[in-house]
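sequence and predicted structure are below.
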Amino acid sequence: RSEARGPAVRNHMRELRQEGVNRRQMAVGLGISMAVIAVDLLTKRYAATTFKSDPIEVIPGVLDFVYTENFGASFSLFQDLGWFLSIAALVAAAIVVNALRQDRPLGEVIAFGLIGGGAVGNLIDRLARGDGLFDGGVIDWIRLPNFPVFNIADSSITIAVVVLLVMAWRSERAAKAVAA
C-alpha cells in the first residue's frame, strides 16, 4: 500500500509544480497552521484539566487563566450558531490554502498560516466537543479585564489581522512616497 501512495504523492507534487505553486511557501504557511493547531489543542486540553476546577490569577487584575466554553463567537455574537461559524472556518481554511498557492511576501504567508491554524483549531472544538455536528463549545481560557475570554486560535487570528493591516499600511505609505 505504501508503494502505491509514493507515486500518488509525487504525481500531486509534480502537478503543483506545473501549476506554478510555490511549494516552499505552501509548506511554510501550512506548517505554521499545523503548529498553531497543535499548540491550541494542547493548551485547551491543559485548560480543561487544570483551570476548570481551579482558575489561576497570573497577574492580579490583569491576566487570569480560566475555563469557559463558548458556543458562539467573540463578544457573545452568533450564540448557538456553531454550524454557521464552522462553515465560515471551512471557507477561511480553503481561502488560506488558495492564497498560499500564489507568490506572496513572507509576512502574508505567516499571516495566512496563522489564520488557517486559528480557524481549524476552533473548528476542531466545534466538531469534537458537541453531541451533534458543529455544535460543540470552543474552550476559551485566557482572560483579560474588559475583554472576552479567548484562546490561542483566537490570538493567532488576531495577530494575523494586525500583521496584514500593518503590511497594507506600509505598502500604501510606500506607494504614496513613490508617487510624490
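Yep, it's here.

list phi and psi for the closest residue to residue 80 other than its chain neighbours.
Counting by Cβ to Cβ, 6 or more residues apart in numbering, residue 80 lies nearest to residue 71, which is 5.6 Å off, once chain neighbours are set aside. C-betas here are computed from N, CA, C, even on glycine. When read as degrees, to the nearest 10, the backbone of residue 71 gives phi -100, psi 10.

the strands in the protein, which residues?
For the chain, the strands defined by DSSP state E cover 56-59, 63-70, 138-143.

okay, those strands, which one's buried deepest?
Across these, the average number of neighbours (mean count of other Cβ atoms under 10 Å) peaks for strand 138-143, which reaches a mean of 22.

what helices and strands are in contact with that strand?
Helices and strands touching strand 138-143, by 3 or more Cβ pairs under 8 Å, 6 or more residues apart in numbering; DSSP states H and E, are helix 23-50, strand 63-70, helix 106-128, helix 152-179.

if you set the cut-off to 10 Å instead, what comes out?
helix 23-50, strand 56-59, strand 63-70, helix 106-128, helix 152-179 (3 or more Cβ pairs under 10 Å, 6 or more residues apart in numbering; DSSP states H and E).
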